[in-house]
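Student: sequence and predicted structure are below.
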Amino acid sequence: MENEELISIAEKAMKNAYAPYSKFKVGAAVLCDDGSVYGGCNIENSSYGATMCAERTAIFKAVSEGKRKLKKIAIVSVTNDVTYPCGMCRQVMNEFMPDGCVIMKEKSGRIIEIKVSDLLPHAFLL
């Protein structure tokens, strides 16, 4: 699957974001090693700690369907610019896609691809 197609799926997922507090809508789409794709959006809660990021929503949807090997994840936001994953999402990515890549798009349209290991070089491991 091309990165542009994965970004398009993330953009569609972003439309379902529930962000009444921050107004910062985010979408993500994760590509599994078998070619299946799962989208996710951020879901806020008035108790901010209960908020779920789009990246973890997409990853957890895949994992809940039995997927354990993820290849890459696209992330988009209402800013139409690069939106990096938070620390918790980076750690979850390291769990299920340590050799994977994060795909993001700049306002200019240029696509950036970064390895998960470069985003979280000293990941927590057991």
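Tutor: In hand now; what should we look at? Residues are numbered from 1 along each chain as shown.
Student: does the spatially most central residue of the chain count as helix, strand or coil?
Tutor: Centroid check for the chain by Cα atoms, centre = their mean gives Glu55 as the closest residue, at 3.0 Å. Three-state assignment for Glu55 (DSSP: H, G, I helix; E, B strand; the rest coil): helix.
Student: ok, the closest residue to it other than its chain neighbours - how many residues close by?
Tutor: Sequence neighbours aside, Cys89 is the residue nearest to Glu55 in space, at 4.1 Å (criterion: Cβ to Cβ, 6 or more residues apart in numbering). Every C-beta, even on glycine, is put in place using the N, C-alpha and C of the backbone. Applying other Cβ atoms under 10 Å, we find 24 residues neighbouring Cys89.
Student: please apply the same query to Ser47.
Tutor: Neighbours around Ser47, by other Cβ under 10 Å: 7.
Student: before we move on, what about Met104?
Tutor: 22.
Student: my guess is it meets Ile111, correct?
Tutor: Yes: the pair Met104 / Ile111 is scored as a contact, 7.4 Å apart, by Cβ atoms under 8 Å.
Student: which parts of this structure are strands?
Tutor: Along the chain, the stretches classed as strands by DSSP state E are 26-32, 37-41, 70-77, 101-105, 111-115.
Student: redo the ones you listed as TSV? Include mean pLDDT.
Tutor: Below are the strands of the chain laid out as TSV (pLDDT from 0 to 100):
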stretch	mean pLDDT
strand 26-32	98
strand 37-41	98
strand 70-77	98
strand 101-105	97
strand 111-115	97
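Student: so which of these is the most packed in?
Tutor: Ranked by mean neighbour count, those are led by strand 26-32 with a mean of 27 (mean count of other Cβ atoms under 10 Å).
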